[in-house]
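Undergrad: For reference, the sequence and a predicted model appear below.
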Amino acid sequence: KSGYDVVSFRRGCFRLAYRHEKTYRSKTEPGNLRLHQLLLVPLWKQKSGHEDRPVIWDYHVILLKVGVKSDAVIYDLDSVLPFPCNLRLYAAQALRSDRTLRPKFHRKLRVVPAHCFLLNFASDRSHMKNADGTWKMPPPSYRPIQTAESKMNLDDFISMNPAVGWGTVYTLGQFLLKYVVEDSSASASSSTAVS
């Protein structure tokens, strides 16, 4: 089976507010894919950005595919960079360095293996409602993603507390060291990816 055409999938994603659900729907072959989430983080090269200034997201979801004999690539539905984008290019242009940022903006990433995300992620979309019950942004037409155990666990996925949720939490430096440096010496397929 060749898997899902993620590039075609991107063209159909027009609601920026539901990116975690779009990422969920984009994966059909977990393999060596990982989901990465960033909490209150500046990112450059975003569609909603202006010139060379960062966008500050409340959280952000990207997908990393780690290759056996190729560089890791990032799928970011909100980026103006190529789709998919080589991780080295994405790191240099979209992530950049924490050295020039105030400590409160230093990035952490939760790396969740795709199979864990697909089995456990649930969102009733309540985080997208105003206090009066109206939607902040219109929801997708498909039903909310739920599991037998949970109707809403988004906070477990976007928390940067390593004791909560699934996967591993990295600082930006740790993440780049693991996935950019290890990627350059790719010898065997790894089930490690980004969340």
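TA: Thanks, I have it. Because the structure is predicted, anything quoted here is derived from the model rather than measured.
Undergrad: residue boundaries of the strands in the chain?
TA: 33-43, 55-65, 73-75, 85-86, 108-113, 168-171 (DSSP state E).
Undergrad: can these go into a markdown table with extra columns for distance to residue 49, mean pLDDT and mean neighbour count?
TA: (Glycine included, C-beta is placed from N, CA and C.) A markdown table is the format used below for the strands of the chain (distance: least, Cβ to Cβ, whole Å; pLDDT from 0 to 100; neighbours: other Cβ atoms under 10 Å):
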| stretch | distance to residue 49 | mean pLDDT | mean neighbour count |
| --- | --- | --- | --- |
| strand 33-43 | 8 | 66 | 24 |
| strand 55-65 | 5 | 90 | 21 |
| strand 73-75 | 16 | 94 | 23 |
| strand 85-86 | 15 | 96 | 18 |
| strand 108-113 | 20 | 93 | 25 |
| strand 168-171 | 23 | 95 | 18 |
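Undergrad: what would the ones you listed look like in a markdown table with distance to residue 136?
TA: Converted to a markdown table, those look like this (distance: least, Cβ to Cβ, whole Å):
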| stretch | distance to residue 136 |
| --- | --- |
| strand 33-43 | 17 |
| strand 55-65 | 11 |
| strand 73-75 | 24 |
| strand 85-86 | 28 |
| strand 108-113 | 23 |
| strand 168-171 | 27 |
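Undergrad: right, and those - which one's nearest residue 150?
TA: strand 108-113 (14.8 Å; Cβ to Cβ).
Undergrad: Would you give the sheet partners of the closest one, along with the direction of each?
TA: With DSSP bridges as the test, strand 108-113 is paired with strand 33-43 (antiparallel), strand 168-171 (antiparallel).
Undergrad: Output the last one as PDB, nothing but the C-alphas.
TA: When you say that, I think you mean strand 168-171. C-alpha atoms of strand 168-171 as PDB (Å, rounded to 0.1, in the frame of the first residue of the first chain):
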ATOM      1  CA  THR A 168       9.200  12.400  24.900                       C
ATOM      2  CA  VAL A 169       9.600  16.100  25.600                       C
ATOM      3  CA  TYR A 170      12.800  17.700  24.200                       C
ATOM      4  CA  THR A 171      14.200  21.200  24.300                       C
END
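Undergrad: Where does pLDDT dip in the chain?
TA: Where the chain drops to pLDDT under 70, the residues are 1-40, 181-195.
Undergrad: quick one, helices of it?
TA: Taking DSSP state H as the criterion, the chain carries its helices at 6-11, 19-26, 87-90, 114-120, 154-158, 172-176, 182-184.
Undergrad: can you dump the C-alpha coordinates of the third one into CSV?
TA: By that I understand helix 87-90. Taking Å, rounded to 0.1, in the frame of the first residue of the first chain, the C-alpha atoms of helix 87-90 are listed here in CSV:
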residue,chain,number,x,y,z
LEU,A,87,14.3,19.2,8.5
ARG,A,88,17.6,21.1,8.2
LEU,A,89,16.0,23.8,6.1
TYR,A,90,13.0,24.0,8.5
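Undergrad: Mind listing residues that contact it?
TA: If you take Cβ atoms under 8 Å, 6 or more residues apart in numbering as the criterion, helix 87-90 is touched by 64, 71, 72, 73, 74, 76, 79, 81, 82, 179, 180, 183.
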